[in-house]
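Peer 1: Sequence plus predicted model, see below.
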Amino acid sequence: QNLLIAERAGWDFIEFFIRMSPVTMLNLLPDEFHSNPSYVGSKKKWIFLVCQGAFILNRDYYLHDWFALDDMTAQSFKASRDFKLCIGQYNGVDCEVWNLKNVEIQLNNLMLVELREVLISCSALSFAAVCRSSQLVSWHKTNKFCGRCGKKNTISSTEHCFLCSHCNLTNYPKISPCIIVVVINEDKCLLARQPSWPKGMYSALAGFIEAGESAEEAIRREIIEEVGILVSDVHYFGSQSWPFPGQLMLGYIAYAKSNKLTINKEEISDANWFKYDQLPSGIPPSTIMSGKLIRYAVSKMVRTNES
């Protein structure tokens, strides 16, 4: 009925949501985390606390699907708050991220957890909210001044956007698209490692999409640059935010045209073919895109070899 009203009024889909009252909007939100720069006016709030890039969480956070703190718990840190941003809603309840200048109180039942460790432990429910919180804090801290004229920016009251009143430049959170790909050759998959990684740790090949490239072109270029092989039959798998500081990982499966590797030591320290039932001891967890991709590739090879 609401969409019919919007259509008769001549609103497009986006304008419909902008014009909706907070109460009406609350009824339309899905029963999960919903990204939104505006408040719906819920009586309580969920708060993500960030201090120097790390998150303050309950000590047993990894036992729960939802990592945010209730607003009563967060109030203890209000004096240390540098700024706050609305990040959206969870089950219709407003969610904020607070960036803290420091932590001057006893954490007691709470603990400070580094971002990477949080993401490794994250459920799908909290993953988007944690990534969004981290990315928006980083964007807010690094864009207080206009990149063109140097004057101080002001923040929009309706969206996550910095505005320069002097030269009218707008600045939105920067998202950097990256490809990440598992290459399959018969019953083996190609995995690589960086020299800084823990011993035995291997993952999928990945790289940034260059200006003017499609994701598929970036895949072919990255694979040639890093391991010197050609691929075909590139298939999209899925995407996931990766807030270091603002990547969007686009996951793919590809098939090798040959198996002879020429490793570019300036890009990676090692790469090798691993049979699906003989993977290295350290592969990424299933909560992040590289881990999801590897497990999906293994399932495809298992089905192929069993048929």
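Peer 2: Structure's in. What do you need? Numbers count the residues shown, from 1 in each chain.

Peer 1: Would you indicate which residues of the longest strand belonging to the chain are buried?
Peer 2: Longest strand in the chain, counting residues (DSSP state E): strand 231-242. Going by neighbour count (16 or more other C-beta atoms under 10 Å), the buried part of strand 231-242 is 231, 234, 237, 240, 241, 242. Every C-beta, even on glycine, is put in place using the N, C-alpha and C of the backbone.

Peer 1: Pull out the buried positions in the helix or strand where residue 87 lies.
Peer 2: In the assignment (DSSP states H and E), residue 87 maps to strand 81-90. Buried positions in strand 81-90, judged by neighbour count with 16+ other C-beta under 10 Å: 84, 85, 86, 87, 88, 89, 90.

Peer 1: Past it, which element shows up next along the chain?
Peer 2: Next helix or strand after strand 81-90 toward the C-terminus (DSSP H and E): strand 93-100.

Peer 1: re the thing from before, pick the one among the buried residues of strand 231-242 closest to residue 172.
Peer 2: Residue 172 lies nearest to residue 241 out of those, by C-beta to C-beta, at 15.2 Å.

Peer 1: which stretches of the stretch 1-150 of the chain aren't confidently modelled?
Peer 2: Counting by pLDDT under 70, the stretch 1-150 of the chain shows low-confidence ranges at 1-31.

Peer 1: please redo it, this time with the cut-off set to 90
Peer 2: Residue ranges of the stretch 1-150 of the chain with pLDDT under 90: 1-32, 102-106, 108, 123-125.

Peer 1: What are the boundaries of the helices in it?
Peer 2: Using DSSP state H, counting those that start in this stretch, the helices of the stretch 1-150 of the chain run over 2-9, 13-19, 22-28, 71-74, 115-121, 124-142.

Peer 1: ok, residues contacting the fifth one?
Peer 2: Defining contact as C-beta atoms under 8 Å, 6 or more residues apart in numbering, one finds that helix 115-121 is touched by 53-55, 57, 61-62, 67, 127, 130-131, 134, 243-244, 285, 287-288.

Peer 1: Distance check, the nearest residue to residue 68 once chain neighbours are set aside against residue 222.
Peer 2: Among residues not flanking residue 68 along the chain, residue 46 sits closest, at 3.8 Å (C-beta to C-beta, 6 or more residues apart in numbering). For residue 46, the distance to residue 222 equals 38 Å [C-beta to C-beta, to the nearest Å].

Peer 1: now residue 50
Peer 2: Distance from residue 50 to residue 222, by C-beta to C-beta: 32 Å.

Peer 1: Distance of the nearest residue to residue 288 once chain neighbours are set aside relative to residue 56?
Peer 2: With sequence-adjacent residues excluded and distances taken as C-beta to C-beta, 6+ apart, residue 288 is closest to residue 119, at 6.3 Å. Distance, residue 119 to residue 56, using C-beta to C-beta: 15 Å.

Peer 1: Tell me, please, where in the stretch 201-307 of the chain the pLDDT is lower than the cut-off.
Peer 2: By pLDDT under 90, the low-scoring segments of the stretch 201-307 of the chain are 304-307.

Peer 1: Tell me where it has helices.
Peer 2: 215-227, 289-306.

Peer 1: so which of those comes closest to residue 202?
Peer 2: Across the helices of the stretch 201-307 of the chain, residue 202 has its closest neighbour in helix 289-306 (8.8 Å, C-beta to C-beta).

Peer 1: Give me the residues contacting that closest one.
Peer 2: 180-182, 184, 187-189, 191, 203-204, 206, 237-240, 242, 249, 251-253, 276, 279, 283-286.
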